[in-house]
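# Below is the structure, and that's it, no one-letter string:
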């Protein structure tokens, strides 16, 4: 068996050849189109980086969570003040029991 030039060529040359054929088959684009694509890609990258920064900004995320919770409490107070009172009483009871348990444990 004799090796043909195509079968003995390294994979990188084959890949480069395929890329060259694909580039030749692709339509030629104007400089303005390429610049517009670059501007669009930069804008997408900036938006992605801003979104990542927002997600990783813990103090900002805590502030947003506090705002959401305050909004829910205001909504509950307007819709059903008795339920809000029950929730507040339950929370106060839980805190009181926790403090009592800690004090008892320290005194022993």
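Yep, it's here. Small disclaimer: the values here were computed from a predicted structure and weren't measured. Numbers count the residues shown, from 1 in each chain.
# where does this protein have low pLDDT?
Applying pLDDT under 70 to the chain flags the ranges 1-13, 19, 22-26.
# so how many other residues sit close to residue 76?
Neighbour count for residue 76, taken as other Cβ atoms under 10 Å: 13. All C-beta atoms are positioned from the backbone trio N, CA, C, and that covers glycine.
# doesn't residue 84 make contact with it?
Yes. Between residue 76 and residue 84 there is a contact at 4.8 Å, judged by Cβ atoms under 8 Å.
# can you list the residues that contact stretch 56-71?
Contacts to stretch 56-71, defined as Cβ atoms under 8 Å, 6 or more residues apart in numbering, come from residues 54, 55.
# This protein: helices as residue ranges?
Applying DSSP state H to the chain gives helices spanning 5-8, 11-25, 31-56, 58-79, 81-107.
# what's the angle from the longest one to helix 58-79?
The reference is to helix 81-107. Here helix 81-107 runs at an angle of 130 degrees relative to helix 58-79 (axes from the mean of the first three to the mean of the last three Cα atoms, to 10 degrees).
# in helix 81-107, what's buried?
Judged by neighbour count (16 or more other Cβ atoms under 10 Å), helix 81-107 contains these buried residues: residue 84.
# which other helices and strands contact it?
On a contact count with 3 or more Cβ pairs under 8 Å, 6 or more residues apart in numbering; DSSP states H and E, helix 81-107 meets helix 58-79.
# Return the set of buried residues in the helix it packs on.
Across helix 58-79, burial judged by 16+ other Cβ under 10 Å covers no residue at all.
# Taking helix 31-56 as reference, get the angle to it.
Going by the same axes, to 10 degrees, helix 58-79 makes 70 degrees with helix 31-56.
# Return the distance of helix 58-79 from the chain's centre.
Remark: helix 58-79 is offset 21 Å from the chain centroid, using Cα atoms, centre = their mean, to the nearest Å.
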